[in-house]
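# Predicted model follows, preceded by the sequence.
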Amino acid sequence: MVDGFIPRAMEDRWFILFDEDWLLFYRSWTGLCIYGLKFESFPEGMRVVDSWVNCDPSQYLPIDPSLEHALLDRLIDRMVMDELRQ
């Protein structure tokens with residue numbers, strides 16, 4: 001079972017956790033939630049069925065959607081998958 005990622009050092013910029021079916025990405029320094037990915041279980045495993053990016057200009061200024069996707073892919077691979085490997 002994956003609970004998420006808890007920052008271990010100041011350089012770790014993200015706090016990631018599961019809340020019900022949502023994988024939520026918080027900026028560790030501000031505590032602001034920036035991304036949400038909703039997962040659903042299927043016979044083959046799990047897949048993302050919904051997502052959002054915080055677009056409140058006082059909290060986060062989204063970048064190009066393809067770059068947001070790339071950043072999320074990198075965060076999931078680097079932080080969440082690293083937790084699974086340990």
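Okay, I see it. As the structure is a computational prediction, the values presented were derived from the model and not from experiment.
# Mind jotting down where the strands sit in the protein?
Ranges of strands in the chain, per DSSP state E, are 4-5, 14-19, 22-27, 33-42, 45-53.
# What mean pLDDT does the first one get?
Mean pLDDT, taken over the full extent of strand 4-5, equals 68.
# go on, the longest one?
Within the predicted structure, the mean pLDDT of strand 33-42 is 94.
# ok now do the residue nearest the centre of the chain, which residues does it touch?
Taking Cα atoms, centre = their mean, the centroid of the chain lies closest to Phe25, which sits 3.7 Å from it. Phe25 is in contact with Trp14, Phe15, Ile16, Cys33, Ile34, Tyr35, Gly36, Leu72, Leu75, counting by Cβ atoms under 8 Å, 6 or more residues apart in numbering. Glycine gets a C-beta too; all of them are placed from N, C-alpha and C.
# For it, give the beta-bridge partners.
Ile16, Tyr35 (DSSP bridges).
# the bottom helix or strand of the chain by mean pLDDT?
Ranking every helix and strand in the chain by mean pLDDT, DSSP states H and E puts helix 81-85 at the bottom, with a mean of 63.
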